[in-house]
Structure formats: C-alpha cells, structure tokens
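Trainee: Attaching a predicted model along with its sequence, questions to come.
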Amino acid sequence: MAVGERNGPQPDDTPSSGEDVVPASSDAPVPARRKTLAKLEKVNRNPSLVSRLRGLRRALPGDPSFGDPLSTAGPGSARALARVADRFLDDQPGASREVSLGALQVWQAALERIGRGRGTHEVTIVFTDLVGFSSWSLPAGDDATLELLKAVARAVENPFRDRGGYVVKRLGDGVMAVFPSPDRALEAVFEARESLDQVDIDGYRPRMRVGIHTGVPRKVGDDWLGVDVTIAARMMQLGGDGNVVMSETSRAALQFGTAEQLDLDIRPWRKPLFGSSPNGVPPELGIWRVRRN
C-alpha cells in the first residue's frame, strides 16, 4: 500500500453532499430498530384492529375458525401451509395472524368447493361397541378384561379383514373400520357377531352393537375424519342393547339381492317411546335396523 493511502473510511470521512446517509438495516442503530419494531408490534396487537379483522374473516368464504388445530388437520395445500404458518405465528391475537389465516381460509374454501378439500371416494364406515362392558369390567378385574378384549379382537377383526375391511383403530371395547361397500360391511358384521357368540369369559357373554354409514369422509394419515364418521358413530349409539343400525345411505347403496343372500331383515329404526331424536344425524336421513332372520 502506498504511503499516504488509507485502508477504509476514517473517522473524518463525511459525505460530500452534507446529507445524512440512511444506514442499511443491519447497520441501523439498535435502539432505533427496537423502537420501530415496538411500534409495529403495538399496531399488530391492537385489539380494535384484530377485532375488525376477525369480523372480516366471518364474512369471508370458508370456516372462520380456520387456523385452530382441528380446522388445519387433514390433506390439502391450504391446510398444509396453515400448519407450517402455525409454527411461526404465535397463539396471541394479532393482525398479521388474522390476515394470514384469512387468506388461507379463502383458499381452502375454494378447494373444497371444487372437491379437492374433501374425501375422494365413497367408503362404508363401521363402528362397534360392547354392551355393558364398563359395568362388567370394573368388578371383573384387569386380567379378565384383557382376556375378553383379546377374544373379542379375534372374533371381530378377523372377519372384518377377510371381507376387505380395514380396522382404522381400536376404541377400548370397540373398533372403527372402513369397507369398500355396505355389502361387504354387513357380511363381515354378521359373521363377526356369530363368532362373538362363542366368547365366554367367566360367564360373561359379550353383545355387540354396530353402526354402519356410507359416505365420503376425509382420510388423514391412517385415520378418517368428517361428518360421515360422526354419523356412523351415531348409528352405533342407536344400536342400544346389541342391534345393528344402518343409515339410508348404506341401505340405498346395497347391491340388489344382498339382504336375501345374507338372510337379513331390514326395517325402519323406531325411536324409543321416551327417547329423544338422535343428535348429530341429519333429520332427513333414514335410519334402519338390521337383523338376521
């Protein structure tokens, strides 16, 4: 380096124009940056602004609760982005959060409108449950209860799988399963009930109630979610002390001659004299009780 040259700017260097130089953001004075961020954060957290944005979201297409864990579960690009955004957007009310989720809410609504946010094919959902299991298991003890659950699993799940069913999950003393058709589901259910008749644990002979509904639920990983799943569970609850209850959607989807081939008696389900209307079931949906002759 030649004598007299300076390596880099010196303290006496000043702009020739005399104007202030706006520093790059990385070189901005720390107190100034903090002050600016504090102002932005104050605006972002402004309760009045957040409230107005939430009101706007209620007027937008789609679910205004989009952003909570249940509404972002499931497949779809909008939901996937919402799950990613949730890692960066804290849970505190904020204008930025409402704007971001509002945009994703509209996007998801548009996808569902063209069918991409819902299930892709029709399946028959089956729920089972043992009648009086809790009352029996408490005095019976853990060993007898475990023995019963293993015997029930063999009696029920093997016929389900043999008839093309997929056991989605075990629910204590019951299961949730899906079948490609209601015909396969009914065949499996009544074969399972015959097998269950052979189970006897210390004098306790389990009775199984069953709910069947056909619809287009949404598959999420190894699980299924949606209104159709809820309806199938309600059908099972209507099974009372050990009946098989089926929705009109499933009955209408049966192939011609299935009832005769399986020797089934399918009649309208009657609400108990002092019973209430079933919750979670569309009022226009027909409900049927199925028995073997």
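Mentor: Thanks, I have the structure now.

Trainee: Quick one: mean pLDDT for the helix or strand hosting Ser135?
Mentor: Using DSSP states H and E, Ser135 sits in helix 133-140. The average of the pLDDT scores along helix 133-140 is 90.

Trainee: what sits up against that helix?
Mentor: 144-145, 148, 172-173, 201-202, 204, 206 (C-beta atoms under 8 Å, 6 or more residues apart in numbering). Just so you know, the C-beta spots here come from the backbone N, C-alpha and C atoms, and that holds for glycine as well.

Trainee: May I see these arranged in a markdown table, with pLDDT as well?
Mentor: Output for the contacts of helix 133-140, formatted as a markdown table (pLDDT from 0 to 100):
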| residue | pLDDT |
| --- | --- |
| Ala144 | 92 |
| Thr145 | 93 |
| Leu148 | 93 |
| Gly172 | 83 |
| Asp173 | 89 |
| Ile201 | 90 |
| Asp202 | 85 |
| Tyr204 | 88 |
| Pro206 | 93 |
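
Trainee: and of these, the nearest to Arg292?
Mentor: Of all the contacts of helix 133-140, Arg292 sits closest to Pro206, with 17.4 Å by C-beta to C-beta.

Trainee: Check the spacing between Val167 and Thr128 real quick.
Mentor: Using C-beta to C-beta, to the nearest Å, Val167 is found at 10 Å from Thr128.

Trainee: Buried residues in the helix holding Ser135, which are they?
Mentor: Residues 133, 136-137, 140 are the ones in helix 133-140 that count as buried (16 or more other C-beta atoms under 10 Å).

Trainee: what's the answer for stretch 281-289, then?
Mentor: Buried-residue list, stretch 281-289, by 16+ other C-beta under 10 Å: 281, 287-289.

Trainee: Of the residues you listed, which one scores lowest on pLDDT?
Mentor: Out of the buried residues of stretch 281-289, that is Val281, at 83.

Trainee: Okay, and that one sits in which element?
Mentor: Residue-wise, Val281 maps onto no helix or strand under DSSP H and E.

Trainee: Kindly provide the distance from it to Leu130.
Mentor: 22 Å.

Trainee: Tell me which stretches of the stretch 51-200 of the chain form helices.
Mentor: Ranges of helices in the stretch 51-200 of the chain, per DSSP state H, counting those that start in this stretch, are 77-88, 95-113, 133-140, 142-162, 182-196.

Trainee: ok, back up a step: pull the most distant pair out of the contacts of helix 133-140.
Mentor: Between any two of the contacts of helix 133-140 (C-beta to C-beta), the greatest distance is 19.1 Å, for Gly172 and Asp202.

Trainee: coming back round to it: right, and out of the contacts of helix 133-140, which lies closest to Arg34?
Mentor: The closest of these, once distances to Arg34 are taken by C-beta to C-beta, is Gly172, at 54.5 Å.

Trainee: Near the closest one, how many other residues are there?
Mentor: Other residues lying near Gly172 total 11 when counted by other C-beta atoms under 10 Å.

Trainee: start at 686 instead
Mentor: I'll keep to 686 as the first residue from here, and by that count the last item is Gly857.

Trainee: remind me which residues of the stretch 686-835 of the chain are low pLDDT?
Mentor: 686-714, 728-729, 735, 739, 742-782, 785-787, 789-805 (pLDDT under 70).
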